[in-house]
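*Asks:* Everything below, folded, please.
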Amino acid sequence: MYNCISIASSEEGAKKLFPVLKAWNHPQRTAWLLMYFDMIPVTIIDAKMAEELLHVIDSIDTDTFIWFENFEKFETVDSQIFEKVLLKVVDKIEKSVCQIRFSHDFFQKYAGKFSGKFDLLGKAYLQQDEMQHHGDFTRRGLKQLVSMDPKFLLAYIDKMYVQREEHRQQTHNQLKFVWDLDVPDAIIEEAINMTVSTNLYIGILEHPVGIFFLNLTDTQEPKAKKFILQYITKYATDSEKMNAIFDAIRHYMKSFHEEAFHHFLSLNQDVEFFKEIWWRGNGGGVHSGEVNFGELEQADWLGVLASVEKYPNQLDVLPIKAYLKEKIARAIRWAEVERQRRFANPDWPF
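*Replies:* The predicted structure is shown next:
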């Protein structure tokens, strides 16, 4: 197929081949024509040829991949060719005619061409991400759109983490770029709250809110830390939000945990509220070999207690310390039961 269509790369070959392809009655005619437009030299492009390209886009009725890079040469005769093509593609996808995919860096490279048509650009991004979630794997395209309109972050979160139930548990997305941009804290806060409100958390695995804090760079971390402290200040009595934010800290910002934890304690020393937070997760995880889960739990609670004991105002946290000591004592008893059971039955699976 490529060898045949490659004759379109010459001016003479392109002129001869086009009427043949246009008149060809074949199921792959549109695909061949798209390849033809990819190959033709800029010297034969005129306004009529640009119209022919748009007609071919109109005729797409099967799943297709489009390289917008090859449409740059048409801008010499139609400065709005990108907008016209994108409008047709978005309309086809919206009407479920077919799936039309772009190259992975389309939004990163060409977002600037749609500054006056951001709604169209945003709709196209959400469509593409829904069809191929890893298309913009590094989220550089999304970063470009959010830099143009910070509120698009909310549209993205709503589409991917609120409306799409099967996507809500996606925890390895890369949205740390928000700390590189001048995105108002209020927008980041709303995006995080949207993520929290649609994800019931019971301490298992990572909470999706971690997508904002995963693999922070040295320049991103200070801004993220400042935001988190403000977030804790505002929501220190909201267990749902505290569970989410401390899960993110526990998984992705371990060195910051004690500072954030002590800040929380300065705002809320209610022991009953303290019990609502999964300070150690749920204790689950992947373990190999012989594991005494009582000992694991004991170690976790001892770590929490050690941090509480470093809190400056010890009188304020006495009830919390008493609660933690109860948890540790219970874990010690559990660990001893585990050891006795293993001794009595070495083949016991757990």
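*Asks:* Quick check: pLDDT value at His287.
*Replies:* Looking at His287, its pLDDT is 48.
*Asks:* wait, Gln170
*Replies:* 65.
*Asks:* same question, Asp347
*Replies:* For Asp347, pLDDT reads 63.
*Asks:* same deal with Gln28?
*Replies:* 89.
*Asks:* likewise Ile157?
*Replies:* At Ile157, the pLDDT value in this model is 95.
*Asks:* which regions of the stretch 51-200 of the chain sit below the pLDDT cut-off?
*Replies:* For the stretch 51-200 of the chain, the stretches with pLDDT under 70 are 164-171.
*Asks:* how about stretch 153-161: buried residues?
*Replies:* Neighbour counts over stretch 153-161 (16 or more other Cβ atoms under 10 Å) mark Leu153, Leu154, Ala155, Tyr156, Ile157, Lys159, Met160, Tyr161 as buried. For glycine as for every other residue, the C-beta is placed from the backbone atoms N, C-alpha and C.
*Asks:* Check the offset of it from the chain's centre.
*Replies:* 9 Å (Cα atoms, centre = their mean, to the nearest Å).
*Asks:* Next: stretch 183-195.
*Replies:* Worked out by Cα atoms, centre = their mean, stretch 183-195 lies 14 Å from the chain centre.
*Asks:* What is the helix ranked longest in the chain packed up against?
*Replies:* For the chain, the helix reaching the highest residue count under DSSP state H is reported as helix 318-344. With contacts taken as 3 or more Cβ pairs under 8 Å, 6 or more residues apart in numbering; DSSP states H and E, helix 318-344 sits against helix 271-274, helix 293-309.
*Asks:* Now do the buried residues in that helix.
*Replies:* In terms of neighbour count (16+ other Cβ under 10 Å), helix 318-344 has its buried residues at Ile320, Lys321, Tyr323, Leu324, Lys327, Ile328, Ala331, Trp334, Ala335, Glu338.
*Asks:* Reformat the helices and strands packed on helix 318-344 as a markdown table; add distance to Ser6, mean pLDDT and mean neighbour count.
*Replies:* Below are those laid out as a markdown table (distance: least, Cβ to Cβ, whole Å; pLDDT from 0 to 100; neighbours: other Cβ atoms under 10 Å):
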| stretch | distance to Ser6 | mean pLDDT | mean neighbour count |
| --- | --- | --- | --- |
| helix 271-274 | 70 | 98 | 15 |
| helix 293-309 | 64 | 90 | 17 |
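*Asks:* Make a markdown table from the ones you listed and add distance to His257 to it.
*Replies:* Formatted as a markdown table, the helices and strands packed on helix 318-344 follow (distance: least, Cβ to Cβ, whole Å):
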| stretch | distance to His257 |
| --- | --- |
| helix 271-274 | 15 |
| helix 293-309 | 8 |
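*Asks:* Glu259: which of those is closest?
*Replies:* Glu259 lies closest, by Cβ to Cβ, to one member of the helices and strands packed on helix 318-344: helix 293-309, at 10.1 Å.
*Asks:* that older thread, turn the buried residues of stretch 153-161 into TSV, including distance to Asp247 and secondary structure.
*Replies:* Below are the buried residues of stretch 153-161 laid out as TSV (distance: Cβ to Cβ, whole Å; DSSP: H, G, I helix; E, B strand; the rest coil):
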residue	distance to Asp247	secondary structure
Leu153	21	helix
Leu154	22	helix
Ala155	25	helix
Tyr156	21	helix
Ile157	17	helix
Lys159	23	helix
Met160	19	helix
Tyr161	15	helix
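*Asks:* Out of those residues, flag the one nearest to Val146.
*Replies:* Of all the buried residues of stretch 153-161, Val146 sits closest to Leu153, with 5.0 Å by Cβ to Cβ.
*Asks:* tilt between the longest helix of the chain and helix 293-309?
*Replies:* Between helix 318-344 and helix 293-309, the angle comes out at 160 degrees (axes from the mean of the first three to the mean of the last three Cα atoms, to 10 degrees).
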